[in-house]
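A structural model of the following input is requested.
(one chain, ligands or ions: 1)
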Amino acid sequence: MPAVIEVRNLRKTYGETVAVDDVSFTVRDGEIFGILGPNGAGKTTTVECIEGLRAPDGGTIGVLGLDPRRDRAELTQQLGVQLQHSEVPEKLQVAEALELYSSFYRSPADWRTLMDVLGLADKAKTRYGKLSGGQRQRLSIALALVGRPKVAMLDELTTGLDPQARRDTWQLMEDVRSRGVTMVLVTHFMEEAERLCDRVALIDAGRVVAVDTPAGLAEKAHVEQRIQFRPSVEMDLDLLADLPDVTGVTRRDGLVLVTGNNNALNAVTSVLARNHIVAEHLRVEQANLEDAFVELTGRHIGGQ
Ligand SMILES: Nc1ncnc2c1ncn2[C@@H]1O[C@H](COP(=O)(O)OP(=O)(O)OP(=O)(O)O)[C@@H](O)[C@H]1O
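The predicted structure is shown next:
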């Protein structure tokens, strides 16, 4: 797959603060690429450099073969950017905003259709300042898509949304991806990254810690799988302890607790089946992105 965005050794400082130290990654055509990291990791600064809003102190960036600073006017036509709340005038009505922003583009989407798709049709005449958090968010997504961009940059897509609105927004993003739009998603929500992103760059203190699929990151971190069940009959724990994929087996209150690598569940269930043992109340905890981040950096994404 060809590269849509190529970031090489990006560096950006604000006075004494090194916001982005050394960031490199490639975003491929048609994927949802996540940038995940704790507050202050340098995510927004990276994205703003890609958008051409900030001049890097070092490194190179190519977006659709363009230089974000030199070719800013052309890039604006092809790159959809989610505006921050403060950038939309309070008094502008929803329909007015969409019509206005669509006028900036050579071949915009039909903004009325977009308004329907985003569930904003009944708010067409409502001023931005009177919209709920979820409605503002949907409008900002609509404004990012109204130019029919090849690439959309979405920063904190679902921050401040309730769980239902968040899930609706995820569904929407999947629909947009299926129309071939490449998306860069900045987030600090694990679940969002796991659900939506084809690949994720984990960023910490201005550096890329790892880039991979969510599953690949969890695996890379060598985080163990935890399996817990109640055997239907008394069993010899050595049956499990001897398995190469298993690292530990203990018994507690009639429950068997097994830890092991990503193949441990397969190995354990095969042994149980061969021995005619049913695993009751089976629970499996898979390693997730949060585990991977902690393993790779020693810190939690949620901050602290
Ligand atoms: N305009 C600015 N002037 C000075 N320092 C800044 C500016 N913007 C960001 N910083 C600093 O640069 C560092 C990286 O900030 P950035 O906003 O890029 O991180 P982030 O990962 O997007 O964080 P968050 O998730 O909190 O938005 C932080 O230490 C921040 O305080």
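
please list the residues of the chain that sit near the ligand.
For the chain, the contact set with the ligand under Cβ under 6 Å from any ligand atom comprises 14, 17, 19, 37, 39-45, 188. C-betas here are computed from N, CA, C, even on glycine.

one more time with 5 Å, if that's ok
14, 17, 19, 39-45 (Cβ under 5 Å from any ligand atom).

okay, among the residues you listed, which ones form the most distant pair?
Among those, the pair separated by the greatest distance (Cβ to Cβ) is 14 and 39, at 15.4 Å.

rewinding a little: in strands, which of the residues of the chain next to the ligand appear?
Counting by DSSP state E, the residues of the chain next to the ligand place 14, 17, 19 in strands.

need those residues in a markdown table (columns: neighbour count and pLDDT).
Putting those into a markdown table (neighbours: other Cβ atoms under 10 Å; pLDDT from 0 to 100) gives the following:
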| residue | neighbour count | pLDDT |
| --- | --- | --- |
| 14 | 11 | 95 |
| 17 | 11 | 94 |
| 19 | 22 | 96 |
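
going along the chain, name the strands of the stretch 51-200 of the chain.
All strands of the stretch 51-200 of the chain, identified by DSSP state E, counting those that start in this stretch, fall at 58-63, 79-81, 151-155, 182-187, 199-204.

want to throw the ones you listed into CSV with mean neighbour count?
Listed next are the strands of the stretch 51-200 of the chain as CSV, based on neighbours: other Cβ atoms under 10 Å:
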stretch, mean neighbour count
strand 58-63, 17
strand 79-81, 25
strand 151-155, 22
strand 182-187, 24
strand 199-204, 24
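
just send these back as CSV, with mean pLDDT too.
Shown next, in CSV, are the strands of the stretch 51-200 of the chain (pLDDT from 0 to 100):
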stretch, mean pLDDT
strand 58-63, 96
strand 79-81, 93
strand 151-155, 92
strand 182-187, 93
strand 199-204, 94
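
so what touches the helix ranked longest in the chain?
With secondary structure taken from DSSP state H, the chain has its longest helix at helix 163-178. By Cβ atoms under 8 Å, 6 or more residues apart in numbering, the residues outside helix 163-178 that reach it are 30-32, 117-119, 134, 137-138, 141, 145, 152, 154, 157-158, 161, 183, 185, 192, 195-196.

cutoff 10 Å now
With contact meaning Cβ atoms under 10 Å, 6 or more residues apart in numbering, helix 163-178 is reached by 30-32, 80, 117-119, 132-135, 137-138, 141-142, 144-145, 149, 152, 154, 157-162, 181-183, 185, 189, 191-192, 195-198.

tell me which residue lies nearest the centroid of the chain.
residue 193 (3.1 Å; Cα atoms, centre = their mean).

what about the residue lying closest to it once chain neighbours are set aside, how many neighbours?
Spatial nearest neighbour of residue 193, excluding adjacent residues (Cβ to Cβ, 6 or more residues apart in numbering): residue 34 at 4.4 Å. Here the count is done by other Cβ atoms under 10 Å, and residue 34 has 26 residues near it.
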